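Novice: no sequence on this one, just coordinates:
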């Protein structure tokens, strides 16, 4: 029974971590989009967010 509880706790903790990562990813996308909509250049957004310009373009769906 103890092993089952340890496994349950581990799965629960992993779920929390995955949720946090997903939330951070959504927030990053939101910031990138709003920054671009407000006139910031891709290179400036890249510099501020620490992402590659190619990643910014992917988020914005720009070639």
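Specialist: That came through fine. This one's a predicted model, so the numbers in the text were calculated from it and none came from an experiment.
Novice: the most centrally placed residue in the chain: which element?
Specialist: Here the mean C-alpha position of the chain is nearest to the C-alpha of residue 25 (CA atoms, centre = their mean), at a distance of 1.4 Å. If you go by DSSP states H and E, residue 25 is part of helix 2-37.
Novice: for that helix, list every residue counted as buried.
Specialist: 32, 35, 36 (16 or more other CB atoms under 10 Å). (Glycine included, C-beta is placed from N, CA and C.)
Novice: just the residues you listed now: which is nearest residue 62?
Specialist: Taking CB to CB as the measure, residue 62 sits nearest to residue 36 out of the buried residues of helix 2-37, at 8.7 Å.
Novice: my read: that closest one touches residue 42, true?
Specialist: Yes - using CB atoms under 8 Å, residue 36 is in contact with residue 42, at 7.2 Å.
Novice: which residues are common contacts for those two?
Specialist: Residues touching both residue 36 and residue 42 (CB atoms under 8 Å, 6 or more residues apart in numbering): 56, 60.
Novice: quick one: contacts of stretch 42-61?
Specialist: Against stretch 42-61 from outside (CB under 8 Å, 6+ apart): 28, 29, 31, 32, 33, 35, 36, 40, 62, 63.
Novice: repeat that with 6 Å
Specialist: For stretch 42-61, contacts defined as CB atoms under 6 Å, 6 or more residues apart in numbering pick out 29, 32, 35, 36.
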